[in-house]
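Asks: Build me a model:
(chains A and B)
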Amino acid sequence: MSADTAVRPPLSAPMAALWVLAVGHTLSFVLAGHLYFESLIRVLAFAVDDPWLPSLLQIPHTFVVPLALLFGIGAAASIRPSLPLLRLWAWTCLLTGAILLCHQAGLGWAGSVLFFWTGLWAVWLAHVRTAARLGPLICLAIVGMIFAYPALGKLTPGYWTGELYWEFHWGRGQGPHRWLGLVLGEERHRAVGAIYGPISIIAEASLALVWLLPARIGYSLVLVAAIGITLTGGHQFLDAMGPLVSLATSGAYLTFLQRERRSRAGGA
Amino acid sequence: MRWPLLDLLRAPRARLDLATVLVLTAIGAGVVGTVGAALAPQAWLERGHLVHGVGWFLVTQPIPYMYTAENHVRIDYLDEPDPGFEARCASWTTAVRNHVPLGALVAIKQRPAYALCGERAVITLESTLRGHTVTTRWRTERRGRGYAVRAAP
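Replies: A predicted model of the protein is given here:
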């Protein structure tokens, strides 16, 4: 046993889940870094003075500083997890999400929304005594809600027929679609897109009800869907899917730890 | 196999602390807001800046508007447009044609896209959602390194 583990007590189940969340979130932050950088460049290169937004929500500093703090604290909490550091990360994640939701640089950026809800889950996990018991349900409920809005929003003829997927992603050769276009040819590629439209809407609507399922099945479905969306959609989905995968992984890990604890208690 | 919802229902004596109640309320507000935003008449969204703004925040994101509104952008240049601007503007216009939502915060956050359309321009956005069309105009002009955006009559 190293000296380090000898002096530090092991993390409780909710704190261990919070640590998994911080690690996953920080890793996804690295993977999607280019997307945040693009948003920052847009603000720096094309400063827009708009009287509707407070100036604080238009300047680059209020965009960069929270993100940098979140990344720094997330990295520190991942490497040396401790209760105060994980709690600090949770609050930083919540506040960063809230700020970025309103900031001009966050235009059309789904990541800030995920930051906000991930932060809310993290703060709850860090402070509530019943987190171990209720956590699996709360996390699934948040994930379900996150799937509800694209499902509802996409109930349009354009998305149902797959035409808009083609226009925004597939036809532009994003992700694997450059290769798929070459292999299938444009006509067949479009035909696949037409099938993908309704399937994606039905899948997202079904996942909105994931909190009704047993935890193990629910989390498995969410992780498969989120990874599938990233693989079929391309890297520009990483800003949303990274935090979502981290969120679901932390909930799944908490469920796993609870099951282990129960089986140990049963065995004893 | 553990069913989290059943676990909760089977423990009726378990008291929920305030933080849990708040989180569950936020999730409920998110669901109600999302459904409401998807179904609400567009005129409400246009007028109710505050409601829309708060709803947008809770609702997780404005995706219902982003996906459902049909948007058409027209740009009237007040000066001879720089060809570079025009090219950039064309790409932005394509990008925003289906993405730009109507309503307070969301449209405002998208304004930088319009501002890139010339030295001085009036940008008209006609947005239609479920048969109701709302027209919004902005006047943009270059200011230093960036742009100034103002509501136009």
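
Asks: Helix or strand: which one has residue 142?
Replies: Because you didn't say which chain, this covers chain A. Using DSSP states H and E, residue A:142 falls within helix A:131-153.

Asks: my bad, chain B
Replies: Going by DSSP H and E, residue B:142 is in strand B:132-143.

Asks: ditto for residue B:74
Replies: Taking DSSP H and E as the definition, one finds residue B:74 inside strand B:70-77.

Asks: ditto for residue A:39
Replies: Assigned by DSSP H and E, residue A:39 falls in helix A:33-45.

Asks: which stretches of the stretch 151-268 of chain A form helices?
Replies: A:157-160, A:163-168, A:177-184, A:186-207, A:215-233, A:238-267 (DSSP state H, counting those that start in this stretch).

Asks: Tell me which of those helices lies nearest to chain B.
Replies: Among these, helix A:215-233 comes nearest to chain B, with 5.2 Å by C-beta to the nearest C-beta. In this view, the C-beta of every residue, glycine as well, is placed from N, C-alpha and C.

Asks: Now find how far off-centre the closest one is within its chain.
Replies: Distance of helix A:215-233 from its chain centroid, counting by C-alpha atoms, centre = their mean, to the nearest Å, is 12 Å.

Asks: ok so, going back, how far off helix A:238-267 does the helix holding residue A:39 point, in degrees?
Replies: Counting by axes from the mean of the first three to the mean of the last three C-alpha atoms, to 10 degrees, helix A:33-45 lies at 140 degrees to helix A:238-267.

Asks: what's helix A:33-45 packed up against?
Replies: Judged by 3 or more C-beta pairs under 8 Å, 6 or more residues apart in numbering or on different chains; DSSP states H and E, helix A:33-45 is in contact with helix A:61-79, helix A:238-267.

Asks: Name the spans of chain A whose pLDDT lies under the cut-off.
Replies: A:1-9, A:42-43, A:45-48, A:50-53, A:107-109, A:267-268 (pLDDT under 70).

Asks: so the helix holding residue A:39 versus helix A:61-79, what angle?
Replies: 160 degrees.

Asks: could I have helix A:33-45 exported to CSV, CA atoms only?
Replies: Below are the C-alpha coordinates for helix A:33-45, written out as CSV (Å, rounded to 0.1, in the frame of the first residue of the first chain):
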residue,chain,number,x,y,z
GLY,A,33,-11.4,21.4,-27.5
HIS,A,34,-11.3,22.5,-31.2
LEU,A,35,-15.1,23.3,-31.0
TYR,A,36,-14.6,25.6,-28.0
PHE,A,37,-11.6,27.2,-29.8
GLU,A,38,-13.7,27.9,-32.9
SER,A,39,-16.3,29.6,-30.7
LEU,A,40,-13.7,31.7,-29.1
ILE,A,41,-12.1,32.7,-32.4
ARG,A,42,-15.5,33.8,-33.7
VAL,A,43,-15.9,36.2,-30.7
LEU,A,44,-12.3,37.5,-31.0
ALA,A,45,-12.4,37.9,-34.8
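
Asks: that older thread, need the helices of the stretch 151-268 of chain A in JSON lines (columns: mean neighbour count).
Replies: JSON lines is the format used below for the helices of the stretch 151-268 of chain A (neighbours: other C-beta atoms under 10 Å in any protein chain shown):
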{"stretch": "helix A:157-160", "mean neighbour count": "16"}
{"stretch": "helix A:163-168", "mean neighbour count": "19"}
{"stretch": "helix A:177-184", "mean neighbour count": "14"}
{"stretch": "helix A:186-207", "mean neighbour count": "16"}
{"stretch": "helix A:215-233", "mean neighbour count": "19"}
{"stretch": "helix A:238-267", "mean neighbour count": "20"}
